[in-house]
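Chemist: How does the following fold in three dimensions:
(chains A, B and C)
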Amino acid sequence: MSETVIHWYRLDLRNSDLPAIAAAQRDGHKVLPVYILDDVAAGEWRPGGASRWWLHHSLQALSKAISQQGGRLLLRRGDSAEVLRELSEQTGAQTVHCTRRYEPWAAEQESLVRDKLATGGVSLKRFPGSLLHEPGTVLTQGGEPFKVFTPFWRASLRAQTPVPVSHGPTAWADFSGPGDTIEDWQLTPRAPDWADGWEEHWSPGEHGAQEALNSFLEAPIADYAEGRNLPAEALTSRLSPHLHHGEISPRQVFAASEALRAQRPDWEDALRKFQAELGWREFSYHLLHFFPQIPEAPFKAAFSKFPWAPNSAYLEAWQRGQTGYPIVDAGMRELWQTGYMHNRVRMVVASFLCKHLLQHWRHGEDWFWDTLVDADLASNSCSWQWVAGSGADASPYFRIFNPVTQGEKFDKQGEYVRRWVPELGALPDKYLHKPWEAPQDVLEAASVRLGDNYPAPIVDHREARQSALESYEHVKAESN
DNA sequence: TTTTGAGTTGTTCGA
DNA sequence: GTCGAACAACTCAAA
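Modeler: Numbers count the residues shown, from 1 in each chain, chains lettered A, B, ... in the order given. As a prediction, the model looks like this:
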């Protein structure tokens, strides 16, 4: 008689390349799938608004896929350890499987669950599945964690090539006990529904993830090396929310890119660059594992003395896309309207918040956490620290993005700015990224009234750059 | 242990 | 308009 194993779904919302499920199949067990909404355990880092919208749709997709295979995804809310204990009691399951997570709170949660289950003689088995290499397996020759990306990624590429595990259809267990419906959880916004229309931008779920990968590798990859910097173009993979929720695994993405690399030597450069983006995700998780303070405190201690200049009006102008710098405002509005922002623009807006406005990177981290559909603790916190200069292998302090130059370089025709900042739509290209330099008659012809229907720049670039450089001098003095 | 080479994504200035 | 150098010095990783 086959045993029942509980699969505790978390950020592994798929049914392929899932070692935890593969193991249950191998042993001939039936699988009872459960997802538990446990906001208390996650605390401050429970999913933000945009992520909850994604989670809602991703769980719907997973639930549908499992039903089509004759199973039922059980939804429960509450303390994970308690829910799992109760379920194992009700079903007689001796084992709970899960895919390992690496956030400090989640690692802690796994220990608590393991201990609680153990009191009833039930064991928790944790499996890999969300990374190419488990943290701790890629180390320097001295056995230390890498703190620089390039050597880390080179060592990762030298390590055994990660290959997806294949498994067949799962034998889902019957269970008729009570469960919530996804609607009960009210994960999507109402009044106002700020996510209205997002279904047009995204297809959450395993199927959507595979489609995104396939269509990316079919064509956009060819121009990726350069094209990935152009925010108006659809030349990035947009896989980040799928990867975050585990609808596709990095091993599947890596394997697909390796297969293509063997076929298309002319895409070598583009594919290597794309793989390196998976590398940054790996590096962030690796850093979070070894330095669990990263979401809260500067990686470089000297930065705890950085003279941030809190200013809620600046912060709010940035959040609302009202800084008067078109490329910054376009990015912040894309974020608010779609739950996403192009990578190039993320760097520009982040640099602007930290360096031009001298607002603490944690404000940016919090805002992105709430508004991004791909909000991921590891990537988000490591990337904010990278921009701020306080992180591992961080951007040098004197690297301060000029929002005008960035706009003119990567959004030459102004297509991106016009899409998200329509009030500037009629300005000629020449002034689109710096409307304050346009002659009065040009502004009038374009119906742009600075300080009225579009803000004047809230800070002067040259002055802001100067004071940022001076602030960093302060950090340097502190570290001596 | 010491030394050496290298380090995601930029900007500004002056020739 | 284009190009190279300076920016400022430090830490990391490997030889």
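Chemist: need the strands for the stretch 101-250 of chain A, in chain order.
Modeler: A:123-127 (DSSP state E, counting those that start in this stretch).
Chemist: which parts of it sit against DNA strand C?
Modeler: By the rule Cβ under 7 Å from any atom of the strand, the part of the stretch 101-250 of chain A lying against DNA strand C is A:T140, A:Q141, A:G142, A:E144, A:P145, A:F146, A:K147, A:V148, A:P151, A:F152, A:R154, A:A155. (Each C-beta comes from the backbone N, C-alpha and C, glycine too.)
Chemist: Near the last one, how many other residues are there?
Modeler: If you count neighbours by other Cβ atoms under 10 Å, A:A155 ends up with 16.
Chemist: and after the longest strand along chain A, which helix or strand comes next?
Modeler: The strand that spans the most residues within chain A, counting by DSSP state E, is strand A:30-37. Sequence-wise, the next helix or strand downstream of strand A:30-37 (DSSP states H and E) is helix A:39-42.
Chemist: in the following helix or strand past that following helix, what counts as buried?
Modeler: Sequence order places helix A:49-68 as the next helix or strand after helix A:39-42, per DSSP H and E. For helix A:49-68, burial by neighbour count (16 or more other Cβ atoms under 10 Å) applies to A:49-63, A:65-66.
Chemist: out of the residues of the stretch 101-250 of chain A next to DNA strand C, who has the most neighbours?
Modeler: Counting neighbours by other Cβ under 10 Å, A:F152 comes out on top of those with 23 neighbours.
Chemist: There's contact between that one and A:E144 in this structure, I believe.
Modeler: No: in this structure, A:F152 is not within contact of A:E144 by Cβ atoms under 8 Å, at 11.2 Å.
Chemist: Ignoring the adjacent residues along the chain, who's closest to A:G331?
Modeler: Nearest residue to A:G331 in three dimensions, chain neighbours excluded: A:V345, at 3.6 Å (Cβ to Cβ, 6 or more residues apart in numbering).
Chemist: Now do the same contact list for the one you found.
Modeler: The contact partners of A:V345, taken as Cβ atoms under 8 Å, 6 or more residues apart in numbering, are A:P231, A:I327, A:A330, A:G331, A:E334, A:Y416.
Chemist: any idea how far A:V40 is from the closest residue to DNA strand B within the stretch 1-150 of chain A?
Modeler: Proximity of the stretch 1-150 of chain A to DNA strand B (Cβ to the nearest atom of the strand) peaks at A:T150, 3.3 Å away. To A:V40, A:T150 is 40 Å away according to Cβ to Cβ, to the nearest Å.
Chemist: Same check on A:D79?
Modeler: Distance check for A:D79 against A:V40: by Cβ to Cβ, it reads 7 Å.
Chemist: Which residue of these two possesses the greater neighbour count?
Modeler: Using other Cβ under 10 Å as the criterion, A:D79 and A:V40 rank with A:D79 on top: 18 against 11.
Chemist: Does the more buried one touch A:L37 like I think?
Modeler: No: A:D79 is beyond contact range of A:L37, at 10.7 Å (criterion: Cβ under 8 Å).
Chemist: The contacts of A:V345: which two are farthest apart?
Modeler: Maximum pairwise distance among the contacts of A:V345 (Cβ to Cβ): 10.7 Å, between A:I327 and A:E334.
Chemist: neighbour count winner among those two?
Modeler: Taking other Cβ under 10 Å, A:I327 and A:E334 do not tie; A:I327 has more neighbours (32 against 22).
Chemist: Quickly note the distance from the closest residue to that one other than its chain neighbours to DNA strand B.
Modeler: Closest residue in space to A:I327, ignoring its immediate chain neighbours: A:G407 at 3.8 Å, by Cβ to Cβ, 6+ apart. Here A:G407 is placed at a distance of 9 Å from DNA strand B (Cβ to the nearest atom of the strand, to the nearest Å).
Chemist: mind listing what A:G407 touches?
Modeler: A:G407 neighbours (Cβ under 8 Å, 6+ apart): A:P326, A:I327, A:G414, A:V417, A:L432, A:H433.
Chemist: in stretch A:406-414, what's buried?
Modeler: Of all the residues in stretch A:406-414, those buried under the rule 16+ other Cβ under 10 Å are A:Q406, A:G407, A:E408, A:F410, A:D411, A:G414.
Chemist: In strands, which of those residues fall?
Modeler: Judged by DSSP E, strands contain none of the buried residues of stretch A:406-414.
Chemist: for those residues, which one is nearest DNA strand B?
Modeler: The closest of those, once distances to DNA strand B are taken by Cβ to the nearest atom of the strand, is A:Q406, at 4.6 Å.
Chemist: show me what contacts that closest one?
Modeler: Contacts of A:Q406 by Cβ under 8 Å, 6+ apart are A:I327, A:R344, A:V348.
Chemist: Also near DNA strand B: which of those, exactly?
Modeler: Near DNA strand B, by the rule Cβ under 7 Å from any atom of the strand, you find A:R344 out of the contacts of A:Q406.
Chemist: nearest to DNA strand B, of the contacts of A:Q406?
Modeler: Taking Cβ to the nearest atom of the strand as the measure, DNA strand B lies nearest A:R344 of the contacts of A:Q406, at 6.5 Å.
Chemist: Quick check: pLDDT value at the residue nearest to that closest one when sequence neighbours are not counted.
Modeler: Nearest residue to A:R344, sequence neighbours excluded (Cβ to Cβ, 6+ apart): A:N229, at 5.0 Å. What the model reports as pLDDT for A:N229 is 91.
Chemist: how about JSON lines for the contacts of A:Q406, with pLDDT added?
Modeler: Below are the contacts of A:Q406 laid out as JSON lines (pLDDT from 0 to 100):
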{"residue": "A:I327", "pLDDT": "95"}
{"residue": "A:R344", "pLDDT": "93"}
{"residue": "A:V348", "pLDDT": "93"}
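Chemist: Please name the nearest non-neighbouring residue to A:E365.
Modeler: A:W384 (4.6 Å).
Chemist: Let me see the contact set for that neighbour.
Modeler: A:A350, A:W361, A:R362, A:G364, A:E365, A:F368, A:G391 are the contacts of A:W384 under Cβ under 8 Å, 6+ apart.
Chemist: From those residues, which shows the smallest pLDDT?
Modeler: Out of the contacts of A:W384, that is A:G391, at 89.
Chemist: Tell me if I'm right that that one and A:A378 touch.
Modeler: No: if you go by Cβ under 8 Å, A:G391 and A:A378 don't touch, sitting 11.9 Å apart.
Chemist: A:A65 contacts A:L13, doesn't it?
Modeler: No: in this structure, A:A65 is not within contact of A:L13 by Cβ under 8 Å, at 9.6 Å.
Chemist: Give the residues shared as contacts by the two.
Modeler: In contact with both A:A65 and A:L13: A:G205, A:E206, using Cβ under 8 Å, 6+ apart.
Chemist: Sitting in helices, which of the contacts of A:W384 do you find?
Modeler: Mapping the contacts of A:W384 onto helices (DSSP state H) picks out A:A350, A:W361, A:R362, A:G364, A:E365, A:F368.
Chemist: could you point out the longest helix in chain A?
Modeler: Ordering each helix of chain A by length in residues (DSSP H) puts helix A:268-290 first.
Chemist: Contacts (any at all) between DNA strand C and that one?
Modeler: No: Helix A:268-290 stays clear of DNA strand C (Cβ under 7 Å from any atom of the strand), getting no nearer than 9.9 Å.
Chemist: How about stretch A:369-386?
Modeler: No: counting by Cβ under 7 Å from any atom of the strand, DNA strand C is not contacted by stretch A:369-386; separation bottoms out at 13.5 Å.
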